[in-house]
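Asks: Next input, structure requested:
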Amino acid sequence: MVIVKASPSSEAGELPSTELLEAMGNYNEQLVKAGIMKSGDGLKPSSAGVRVRFRGDERIVTDGPFAETSELIAGYWLWEVASMEEAIEWVKRAPNPMNEESDIEIRQFFEMEDFAEQDPDGKIAEQENELRNTAVLRDGTLAPYLFFAGRCDEALDFYQQALGASVLMRMRFSESPDPVPEGMLQQGFENKIMHATFQIGTQTILCSDGCDDKPSFDGFRLSLSFPSEDACRRIFDALAEGGKVDMPLDKTFWSPLYGMVTDKFGVGWMVMVPCE
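Replies: Here you go, the predicted structure:
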């Protein structure tokens, strides 16, 4: 964690200048391109915050502002670097985040390996890993993906008229950056919709004509996205157990990792890492 310490100006609520915002934006862009920055934000002054003191069973809430400015935090980054030395070099390249002299503090996170002596049987580490996996799953998104068996254009027109839908994009098989595998499409489907996105209210729905005009009761798949490839692989494998892999996980032009699977209950899924 790279901590931007508060200053008199930040505690007074003074906002950074346009020049500083632009410089900090350019710096953050360098961090992201280098694969270092995981997150980062500025914090409002302590006058907008509270403190909770723990004294036995008592909880004492105190409203800000707080006097010891040099000990307060005005912002932070989370970085993943190889060493403290690398972090120091990156901090030296940062623009001064304040209008006056300022300090940036660098602190390392504990890893579970640091607690090996306190966790000799590994139970606490196992629990921590399960909690991390649960947190990753909560970042997943679920969206319906509908197959219209050659009537996708008709369906989109209907939803626009009947439901006020907004068509966000539509791409035809003939427009695909990658050639469609030979024999995949029914004859005459070359100009059908490969992928389209429309919105009804706040719900975004994905759809396609599919590869032929054979409608079926199970003419849909659930599209499930995760921010990490590890989570994507883990969930894909779990859905495939007792089911059928329709398309193995692989890199595509629209996703760094994408695959299709039908689970043991007959529900079709598309599992992917969304393209950044």
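
Asks: Name the residue closest to the centre of the protein, please.
Replies: With distances taken as Cα atoms, centre = their mean, P227 lies nearest the centre of the chain, 4.5 Å away.

Asks: Now do E85, the pLDDT please.
Replies: Here the pLDDT value assigned to E85 is 96.

Asks: what number of residues lie near it?
Replies: 9 (other Cβ atoms under 10 Å). For every residue, glycine as well, the C-beta is placed using N, CA and C.

Asks: same question, A165
Replies: The number of residues packed near A165 is 19, by other Cβ under 10 Å.

Asks: Report the secondary structure element holding the nearest residue to it once chain neighbours are set aside.
Replies: In space, and not counting its chain neighbours, A165 is closest to Y159: 3.9 Å by Cβ to Cβ, 6 or more residues apart in numbering. Using DSSP states H and E, Y159 maps to helix 152-163.

Asks: helices and strands around that helix, which ones?
Replies: In this structure, helix 152-163 makes packing contacts with strand 166-172, strand 193-200, strand 203-208, judged by 3 or more Cβ pairs under 8 Å, 6 or more residues apart in numbering; DSSP states H and E.

Asks: could you list every residue that touches the nearest residue to F109 once chain neighbours are set aside?
Replies: Nearest residue to F109 in three dimensions, chain neighbours excluded: M1, at 6.8 Å (Cβ to Cβ, 6+ apart). For M1, the contacting residues are Y76, W77, L78, W79, I106, R107, F109, by Cβ atoms under 8 Å, 6 or more residues apart in numbering.

Asks: make it 10 Å
Replies: M1 makes contact with G40, I73, Y76, W77, L78, W79, A87, E105, I106, R107, Q108, F109, according to Cβ atoms under 10 Å, 6 or more residues apart in numbering.

Asks: Select from those the one having the most neighbours.
Replies: Most surrounded of the contacts of M1: other Cβ under 10 Å gives W77, at 23 neighbours.

Asks: which residues does it contact?
Replies: Going by Cβ under 10 Å, 6+ apart, W77 touches 1-4, 27-28, 31, 36-41, 87, 90-91, 94, 104, 106.

Asks: Quick one: work out the angle between the helix holding Y159 and strand 166-172.
Replies: Angle, helix 152-163 to strand 166-172, by axes from the mean of the first three to the mean of the last three Cα atoms, to 10 degrees: 180 degrees.

Asks: what's the offset of helix 152-163 from the middle of its chain?
Replies: Centroid separation between helix 152-163 and its chain, computed with Cα atoms, centre = their mean, to the nearest Å, is 31 Å.

Asks: Name the residues of it that come out as buried.
Replies: Using 16 or more other Cβ atoms under 10 Å as the test for burial, helix 152-163 gives C152, D153, A155, L156, Y159.

Asks: Turn these into a markdown table, including pLDDT and distance to T262.
Replies: Shown next, in a markdown table, are these (pLDDT from 0 to 100; distance: Cβ to Cβ, whole Å):
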| residue | pLDDT | distance to T262 |
| --- | --- | --- |
| C152 | 91 | 21 |
| D153 | 94 | 27 |
| A155 | 89 | 23 |
| L156 | 92 | 26 |
| Y159 | 90 | 26 |
